[in-house]
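>>> Dropping the sequence and predicted coords here.
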Amino acid sequence: MKITLIVGALTIVALSMLYFLTQPNDALLTETNPLNTPDENTRVRDDRSITDEAQQTDAPAGKLKAANFTGILEKVDVGCFADGECFVEVGGKHITVLMGWSRDTVGSVIGAEGIGGLESHIGQEVEVYAQDNSDGTYTLYGSEGFYVKVK
(Lines give C-alpha, C1' and ligand atoms only; values in the text may rest on other atoms or scores of the structure.)
Protein backbone atom coordinates (compact mmCIF):
# COMPACT_ATOMS: atom_id res chain seq x y z
CA MET A 1 0.00 0.00 0.00
CA LYS A 2 2.83 2.43 0.90
CA ILE A 3 4.63 1.67 -2.34
CA THR A 4 1.51 2.43 -4.34
CA LEU A 5 1.11 5.80 -2.60
CA ILE A 6 4.78 6.71 -3.15
CA VAL A 7 4.66 5.70 -6.83
CA GLY A 8 1.41 7.67 -7.25
CA ALA A 9 2.89 10.79 -5.62
CA LEU A 10 6.04 10.59 -7.75
CA THR A 11 3.92 10.15 -10.88
CA ILE A 12 1.88 13.25 -10.04
CA VAL A 13 5.06 15.28 -9.43
CA ALA A 14 6.64 14.06 -12.67
CA LEU A 15 3.52 14.79 -14.72
CA SER A 16 3.21 18.25 -13.15
CA MET A 17 6.82 19.06 -14.01
CA LEU A 18 6.35 17.78 -17.54
CA TYR A 19 3.23 19.91 -17.96
CA PHE A 20 4.93 23.14 -16.85
CA LEU A 21 8.12 22.50 -18.78
CA THR A 22 6.27 21.92 -22.06
CA GLN A 23 4.09 25.03 -21.83
CA PRO A 24 5.03 27.92 -24.19
CA ASN A 25 6.61 30.93 -22.48
CA ASP A 26 3.58 33.13 -23.15
CA ALA A 27 1.48 30.82 -20.98
CA LEU A 28 3.55 31.90 -18.00
CA LEU A 29 2.86 35.64 -18.36
CA THR A 30 1.45 37.37 -15.33
CA GLU A 31 -1.46 39.73 -15.20
CA THR A 32 0.64 42.47 -13.56
CA ASN A 33 3.34 42.25 -16.23
CA PRO A 34 1.54 41.02 -19.38
CA LEU A 35 4.53 41.49 -21.70
CA ASN A 36 6.91 39.76 -19.26
CA THR A 37 9.34 42.68 -19.57
CA PRO A 38 11.75 43.83 -16.87
CA ASP A 39 10.34 46.66 -14.80
CA GLU A 40 12.34 49.69 -13.66
CA ASN A 41 13.59 47.83 -10.57
CA THR A 42 14.79 44.75 -12.45
CA ARG A 43 18.54 44.38 -12.87
CA VAL A 44 19.68 43.00 -16.20
CA ARG A 45 23.26 42.04 -16.95
CA ASP A 46 24.80 43.57 -20.05
CA ASP A 47 27.07 41.04 -21.75
CA ARG A 48 27.93 43.26 -24.69
CA SER A 49 31.45 44.53 -25.01
CA ILE A 50 32.72 47.78 -26.42
CA THR A 51 34.26 47.04 -29.83
CA ASP A 52 37.15 48.59 -31.69
CA GLU A 53 34.98 49.69 -34.58
CA ALA A 54 31.94 51.93 -34.46
CA GLN A 55 29.00 50.47 -36.27
CA GLN A 56 26.95 53.16 -37.98
CA THR A 57 23.23 52.59 -37.45
CA ASP A 58 20.12 54.65 -37.76
CA ALA A 59 18.94 56.57 -34.72
CA PRO A 60 15.86 55.34 -32.86
CA ALA A 61 12.42 56.57 -33.97
CA GLY A 62 12.85 60.00 -32.35
CA LYS A 63 15.57 62.41 -33.39
CA LEU A 64 18.58 62.65 -31.12
CA LYS A 65 20.55 65.81 -30.54
CA ALA A 66 24.12 64.78 -31.29
CA ALA A 67 27.45 66.53 -30.89
CA ASN A 68 30.81 65.90 -32.53
CA PHE A 69 33.93 67.40 -30.95
CA THR A 70 37.58 66.74 -30.17
CA GLY A 71 39.52 67.45 -27.02
CA ILE A 72 42.07 66.15 -24.57
CA LEU A 73 41.09 63.02 -22.61
CA GLU A 74 41.31 64.22 -19.00
CA LYS A 75 39.68 61.49 -16.92
CA VAL A 76 38.45 57.89 -17.24
CA ASP A 77 36.12 56.42 -14.60
CA VAL A 78 35.35 52.70 -14.79
CA GLY A 79 32.54 52.66 -12.21
CA CYS A 80 30.33 50.53 -14.47
CA PHE A 81 32.55 47.56 -13.66
CA ALA A 82 30.95 47.79 -10.20
CA ASP A 83 27.37 48.42 -11.40
CA GLY A 84 27.78 52.17 -11.83
CA GLU A 85 28.63 54.56 -14.63
CA CYS A 86 31.70 54.45 -16.84
CA PHE A 87 32.47 57.91 -18.13
CA VAL A 88 35.24 60.02 -19.58
CA GLU A 89 35.95 63.72 -19.40
CA VAL A 90 37.11 65.30 -22.63
CA GLY A 91 37.88 69.01 -22.63
CA GLY A 92 35.89 69.45 -19.42
CA LYS A 93 32.83 67.64 -20.85
CA HIS A 94 31.32 64.61 -19.14
CA ILE A 95 30.55 61.72 -21.53
CA THR A 96 28.75 58.59 -20.28
CA VAL A 97 30.32 55.62 -22.04
CA LEU A 98 28.54 52.70 -20.37
CA MET A 99 26.17 52.01 -17.48
CA GLY A 100 26.41 48.74 -15.56
CA TRP A 101 23.43 46.39 -16.03
CA SER A 102 22.00 48.41 -18.93
CA ARG A 103 20.71 46.78 -22.10
CA ASP A 104 20.07 49.99 -24.02
CA THR A 105 21.67 50.70 -27.40
CA VAL A 106 25.13 52.16 -26.87
CA GLY A 107 28.07 53.28 -28.99
CA SER A 108 31.67 52.16 -28.73
CA VAL A 109 35.27 52.97 -27.90
CA ILE A 110 37.59 53.05 -30.92
CA GLY A 111 41.37 52.83 -30.80
CA ALA A 112 41.64 51.42 -27.26
CA GLU A 113 41.03 48.09 -25.61
CA GLY A 114 37.60 49.02 -24.27
CA ILE A 115 36.86 51.49 -21.52
CA GLY A 116 39.69 50.36 -19.27
CA GLY A 117 42.13 50.76 -22.16
CA LEU A 118 41.29 54.47 -22.39
CA GLU A 119 43.17 55.09 -19.14
CA SER A 120 46.48 54.69 -20.95
CA HIS A 121 45.45 57.48 -23.37
CA ILE A 122 44.82 60.21 -20.77
CA GLY A 123 46.40 63.42 -22.06
CA GLN A 124 45.89 62.46 -25.71
CA GLU A 125 43.44 63.97 -28.14
CA VAL A 126 40.21 62.05 -28.71
CA GLU A 127 37.22 62.57 -30.96
CA VAL A 128 33.71 62.21 -29.53
CA TYR A 129 30.43 61.71 -31.34
CA ALA A 130 27.69 61.46 -28.72
CA GLN A 131 24.15 62.38 -27.82
CA ASP A 132 23.87 65.85 -26.28
CA ASN A 133 21.78 65.61 -23.09
CA SER A 134 21.19 69.41 -23.21
CA ASP A 135 22.43 69.75 -19.63
CA GLY A 136 26.15 70.00 -20.34
CA THR A 137 26.66 66.23 -20.40
CA TYR A 138 26.86 63.74 -23.25
CA THR A 139 26.21 60.02 -23.65
CA LEU A 140 27.02 57.21 -26.05
CA TYR A 141 23.55 55.78 -25.40
CA GLY A 142 20.92 56.10 -28.10
CA SER A 143 22.83 54.87 -31.15
CA GLU A 144 25.47 52.25 -31.93
CA GLY A 145 27.06 54.92 -34.15
CA PHE A 146 28.16 57.07 -31.19
CA TYR A 147 31.82 56.73 -30.20
CA VAL A 148 34.87 57.92 -28.32
CA LYS A 149 37.84 57.58 -30.69
CA VAL A 150 41.51 57.86 -29.75
CA LYS A 151 43.33 59.84 -32.47
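Received it, and whenever you're ready, just let me know what you need.
>>> which parts of the longest strand along the chain are buried?
Longest strand of the chain, by residue count under DSSP state E: strand 66-78. Of the residues in strand 66-78, 73, 76-78 count as buried by neighbour count, 16 or more other CB atoms under 10 Å. The C-beta positions use only the backbone N, C-alpha and C, and glycine is treated the same way.
>>> And the helices in the protein, which stretches?
Ranges of helices in the chain, per DSSP state H, are 2-21, 114-117.
>>> In the last one, which residues are buried?
Along helix 114-117, these residues count as buried under the neighbour rule (16+ other CB under 10 Å): 114-115.
>>> returning to that earlier point: pick out the lowest-pLDDT one from the buried residues of strand 66-78.
Confidence by pLDDT is poorest for Val78 among the buried residues of strand 66-78, given 90.
>>> Wait, that residue touches Ile115, no?
Yes - assessed by CB atoms under 8 Å, Val78 is found in contact with Ile115 at 5.7 Å.
>>> Which strands and helices lie in contact with the longest strand of the chain?
Where contact means 3 or more CB pairs under 8 Å, 6 or more residues apart in numbering; DSSP states H and E, strand 66-78 is packed against strand 85-90, helix 114-117, strand 125-132.
>>> Okay then, goodbye and thanks.
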